[in-house]
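Asks: Got a sequence here, can you build the structure:
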Amino acid sequence: MTERKDDTSEESRGGSESLPAEETLGPPAAPSAPPPLPPRVAARASTSPATSPPTAPGTPPFPSNSTATPPIPSAAPGTPRFPSATSAAPPLPPPPRSAPPPLAPAKAEAGDWLGDLPAPARETPAPVVVADPSASLEAAKAAAEYERQLREKLAQERNRPKGFLRRNALSLSLAVIGLLVAGAGVAAYLLERAATREQEIARYLAAARNGLARDTFAALQASLDALDEALDLDSTNSTALALKAQAAATLAASFDAFDLRAATALASRHATSPEERDALLAARWRLAVTGGNREERRAIEDEILSIPPESAGATLLSLAGAVLLSRDQPLVAVERFNSAILASPGHVPTLVKVGDYYRSRSEHEEAIRYYELALSVSEDHPAALVGAAESHLAFSREPRLLEQALAGLDKLRTSDQVPVGIRLRLAIVRARLRAAVGTRDSAVAELEKVEAGKDSERLVQLAQAYVSIGAADVGLELFRGFDFDASQDPALREAYARLLVAAGRLREAAALSGKPGERPVHLQVGIARFRAGMIAKAHESLHATVLERKLPVEAVVYLGLVDLERGRLDQARKTLERLGTGSRARTTGRWAWARLLRREGKLDEAERALVEAVELDPRSAEPRFELGRLLLERGRHDEALAMLREAVRLNPLRVEGRRALGTAFLEAGNPDAAMDEWEAALELDPEDGAALVDLTGAMLRGGRKDEALARVQAIVRAFPKSAPARRALGEVRLALADPERARQAFSEATQLGSGDAASWAGRGEAELAQGNARAAATSFARALALQPGWAVAEVGLARTDAAQARPAPAEKRLRTLLGRIGSNGKASERAMARSALAAVLLADGKGANDAARQEAEAAVELDGSLGLAHLALAEALDAAGELKPAAQAFSRAAELSPWLADVHLLKARNLLRGGGTTKEAAAALERYLVLAPRGPGVNEARKTLARIGSGG
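Replies: Residues are numbered from 1 along each chain as shown. This is a model prediction of the structure:
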């Protein structure tokens, strides 16, 4: 059945209006300790798991960061066994330092109730009917007078003949006195019996009030039992009937555990006291909410608000506060809540409403304190447990607290214990907690227990839950057969688009089209297009979210990232700095701002921003992905591996994350685990070119050349129009020392996706390997235009300058790049730049050999897998006359970058000078001619081969 979404104490989520800081609630007073129930009621309650002994106040189930509320002393001897549920609590010490100042109490004489509560009000004793003292005195006088008269009469007639009466006077007198005594005993018995009945009724009413104040299913059922006992003794007791109406309405509206018509009939009576009025109004309001009669509900709410606070009890004050919040009157609502807590510190519905209020304002620490106070009275209160768990998820950083919150939810063993309106909330928060401290599978198992039904709001909430636990792929099963274009429900359309994005099915999401005014749909489509590399279309979709010249925050962030990708760094900085720093910063804004800082080479600042983002939102995978990639760039592989593993645990569907984790495993010396991650990335997105390049690169390094080529060719056949797949083919061809076919593959990739900077850079590398420096310069320039500041393109342009005998502009470009990157820049980028600079210095021939050697050695230290670095070192060693070490370095460079034709020409020169044999030199020259048939060293290679022959 469809869950109700009423405003009962269990389902209230608090007001949506944020109050000024000075208008917050004060810290709660400690609740009164609940009294024991009468025998029959206690027996009923003890059979339910919901009525296990409550935690002592001040020992809440979830530890709080604030000072714990001290235990409430036990009642002193002589205190009535069944005190009222609304009795005041003992005075407490001042509130914790983190508590905001309270609003002024309703009555001036009450004093600062948050610092020192009023002294406990003495419980009004139950009425006891006793004999009238004046009647006892009159009876005693009459007995004395009768005895005197009797003695006188006996004295006067002592000498008369003894008749029957005289002979039996003593016996008769004793009989009369016995009758008088018996009559007095009967009267006393009747009076005592009446007094006992009134006491029993009072005790049952007190137990019923206590159950209503505890506000759980078992407590409400126990209240009904107590009220039935009271009505068995006095079927006309109006207070018992009113309280029964309240309990019945709550069970009917919240738990579907009482007949609605019967509850309505009970609530239709007239009140004869303020307490009855409060109970009946609360019952009618709940029933009106359940029945969906807005006019009736509004009329009842108006009546509730018309009652002066000073004449209302905690129940009505609490309800009035909730009504005022729903009408966007938070200041007055706060006053009513304060008054309700003053009237009854242990009134659980009020404590829960206040917790919900703080949670709605994202003041989760305060919310948790109020929930814990509610739980100290009613340890298995569903709304308090669920609200506390939600706040812990949003606020707590320690896994221990999340585990305790999850354990608290385990107290709700059956759905019958949980109000209908929060059963879905319970399932979602339980799943999110399991994802946070356990596994994705256990979280999915929780959500799969929920019947989705056809309720659109329910489907939307479940979809978001699947996204939050990193299981959007499973969530999409809810939308099997969903017709996006035909649907007229914007919330369902947005949920479907969000699931596609979160599941990594970016091309499907990017192909969707939002209707005019569907801002959430346009936003998800824009994000999908951005992540798929469709920058221009992403800009279009994100701008479609404009409404009255305003944009959603997330749209603004992604527009800043669009500017960043387009090279509009100033505009990107203006946008992202505003949302990535300071008090307005969001998680998305922080990691996007960090991405800009990385582009600018400010890696320390970027790392600080990402660390803050992770600390503020520890269960968000995105900032962890960004931080892991940054740590990889900085060579801190162990830290990167730990960060990326946690990110993938939180969201295993993020392709970029799986790819980065593979790189981290490779850097940690675990190539098998790395390949598993790249395979997982390709399973999520078979067209992911970067993962394909990484995977095939690992295969090539492992000697699996044929397998690598077959794998990438299969991807190209499956996705013939995929630019990333063509780029991956070019990378494999280049690694196989086939620069011509590599150039063809890169060219096809640029035609299929002209905005892919990596494809243009790959084409430039292939052209440079063939010795076509001029064409390579054009390709690298195009890559740099698409991705300004990209070190790969900058180094490529410097190398083309050097190849065309222009060392001065090459050196200037490289030194500028190194200055911008700084010492904290990406190790691989610094290594490329320093390798190229070493080659330029050697080519310049101005006695810079020592400086060139230093640059080359530094490059090798930064990235030992970079062929260019070993080539630069080999040239420096060769120039210094260290021929044998130079020959070894040339061989290493050829092994790492077999497509570099220059390696083989330079190696041949070294070998002929004494670094090796003539045969080795001839093989190197032949290899050069194969790689660069039109290269600048072709004539030299041919002449040398003709001179030395084949080396045999």
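Asks: Can you pull out the low-pLDDT segments for the protein?
Replies: Applying pLDDT under 70 to the chain flags residues 1-195, 583-584, 754, 824-825, 845-847, 950-952.
Asks: Domain-wise, how is it divided?
Replies: Domain assignment of the chain by automatic domain parsing yields the ranges 789-899, 903-952.
Asks: Throw those domains into JSON lines and include mean neighbour count and distance to residue 321, thanks.
Replies: Quick note: C-beta positions are derived from backbone N, CA and C, even for glycine. Converted to JSON lines, the domains of the chain look like this (neighbours: other Cβ atoms under 10 Å; distance: least, Cβ to Cβ, whole Å):
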{"stretch": "domain 789-899", "mean neighbour count": "20", "distance to residue 321": "54"}
{"stretch": "domain 903-952", "mean neighbour count": "18", "distance to residue 321": "79"}
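Asks: and of those domains, who's closest to residue 304?
Replies: Proximity to residue 304 (Cβ to Cβ) singles out domain 789-899 among the domains of the chain, at 63.1 Å.
Asks: Can you get me the start-to-end distance on that closest one?
Replies: Terminal residues of domain 789-899 lie 25 Å apart, using Cα to Cα, to the nearest Å.
Asks: swap in stretch 902-921?
Replies: 13 Å.
Asks: With stretch 874-884 instead?
Replies: Note: stretch 874-884 ends 10 Å apart using Cα to Cα.
Asks: Show residues contacting it.
Replies: Stretch 874-884 is contacted from outside by 838-839, 842, 849, 852-853, 856-857, 885-890, 892-893, 903, 906-907, 909-910, 913-915, using Cβ atoms under 8 Å, 6 or more residues apart in numbering.
Asks: Could you rerun that using 7 Å?
Replies: The contact list for stretch 874-884 (Cβ atoms under 7 Å, 6 or more residues apart in numbering) reads 838-839, 842, 849, 852-853, 856, 885-886, 889-890, 893, 906, 910, 913-915.
Asks: Let me see the ranges of the helices in the stretch 201-350 of the chain.
Replies: Ranges of helices in the stretch 201-350 of the chain, per DSSP state H, counting those that start in this stretch, are 217-233, 238-255, 260-267, 274-291, 294-306, 314-326, 330-343, 348-360.
Asks: now the first one, how far from the centre of its chain.
Replies: Chain-centre distance of helix 217-233: 41 Å, with Cα atoms, centre = their mean, to the nearest Å.
Asks: The last one too?
Replies: Averaged C-alpha coordinates place helix 348-360 at 20 Å from its chain's average position (Cα atoms, centre = their mean).
Asks: mind saving the C-alpha coords of that helix as PDB?
Replies: As requested, the backbone C-alpha atoms of helix 348-360 are provided in PDB (Å, rounded to 0.1, in the frame of the first residue of the first chain):
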ATOM      1  CA  VAL A 348       8.900  12.000  23.300                       C
ATOM      2  CA  PRO A 349       6.800  13.300  20.300                       C
ATOM      3  CA  THR A 350       8.000  16.800  21.100                       C
ATOM      4  CA  LEU A 351      11.700  15.800  21.400                       C
ATOM      5  CA  VAL A 352      11.400  14.000  18.100                       C
ATOM      6  CA  LYS A 353       9.800  17.000  16.400                       C
ATOM      7  CA  VAL A 354      12.600  19.300  17.700                       C
ATOM      8  CA  GLY A 355      15.200  16.800  16.500                       C
ATOM      9  CA  ASP A 356      13.500  16.800  13.000                       C
ATOM     10  CA  TYR A 357      13.500  20.600  13.100                       C
ATOM     11  CA  TYR A 358      17.300  20.700  13.700                       C
ATOM     12  CA  ARG A 359      17.900  18.000  11.100                       C
ATOM     13  CA  SER A 360      15.900  20.000   8.500                       C
END
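Asks: Could you shift the numbering so residue one becomes 22, and keep it that way?
Replies: I'll keep to 22 as the first residue from here, and by that count the last item is helix 369-381.
Asks: and the angle for the helix or strand following that helix with helix 351-364?
Replies: Using DSSP states H and E, the helix or strand that directly follows helix 369-381 along the chain is helix 385-398. Helix 385-398 runs at 30 degrees relative to helix 351-364, counting by axes from the mean of the first three to the mean of the last three Cα atoms, to 10 degrees.
Asks: Which is the succeeding secondary structure element to helix 385-398?
Replies: Downstream of helix 385-398, the next assigned helix or strand under DSSP H and E is helix 403-416.
Asks: Show me what counts as buried in the helix or strand following that next one.
Replies: As assigned by DSSP H and E, the chain's next helix or strand after helix 403-416 is helix 420-430. The neighbour-count check on helix 420-430 (16 or more other Cβ atoms under 10 Å) flags 422-423, 425-427, 429-430 as buried.
Asks: Would you mind writing the CA trace of helix 420-430 as CSV?
Replies: Extracted C-alpha coordinates of helix 420-430, given in CSV (Å, rounded to 0.1, in the frame of the first residue of the first chain):
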residue,chain,number,x,y,z
PRO,A,420,32.6,4.4,11.6
ARG,A,421,32.0,3.4,15.3
LEU,A,422,29.1,5.9,15.5
LEU,A,423,27.6,4.7,12.2
GLU,A,424,27.8,1.1,13.5
GLN,A,425,26.0,2.1,16.6
ALA,A,426,23.4,3.8,14.7
LEU,A,427,22.9,0.7,12.6
ALA,A,428,22.7,-1.4,15.7
GLY,A,429,20.0,1.0,17.1
LEU,A,430,17.9,0.3,14.0
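Asks: What is the three-state secondary structure of the nearest residue to residue 563 once chain neighbours are set aside?
Replies: Spatially, and ignoring its direct neighbours in sequence, residue 563 is nearest to residue 547 (3.8 Å; Cβ to Cβ, 6 or more residues apart in numbering). For residue 547, the assignment made with DSSP: H, G, I helix; E, B strand; the rest coil gives helix.
Asks: and if you look at residue 640?
Replies: Residue 640 ends up coil, using three-state DSSP.
Asks: before we move on, the earlier item: in JSON lines: the domains of the chain, plus distance to residue 278.
Replies: Listed next are those as JSON lines, based on distance: least, Cβ to Cβ, whole Å:
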{"stretch": "domain 810-920", "distance to residue 278": "63"}
{"stretch": "domain 924-973", "distance to residue 278": "82"}
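Asks: so what's the residue nearest to residue 465 when sequence neighbours are not counted up against?
Replies: Of all residues not flanking residue 465 in the chain, residue 492 sits nearest, at 5.0 Å (Cβ to Cβ, 6+ apart). Residues near residue 492 by Cβ under 7 Å, 6+ apart: 461, 464-465.
Asks: and residue 492, what are its phi and psi?
Replies: The phi/psi pair for residue 492 (degrees, to the nearest 10) reads phi -130, psi 40.
Asks: For it, give its distance to residue 436.
Replies: Remark: distance between residue 492 and residue 436 (Cβ to Cβ, to the nearest Å) = 22 Å.
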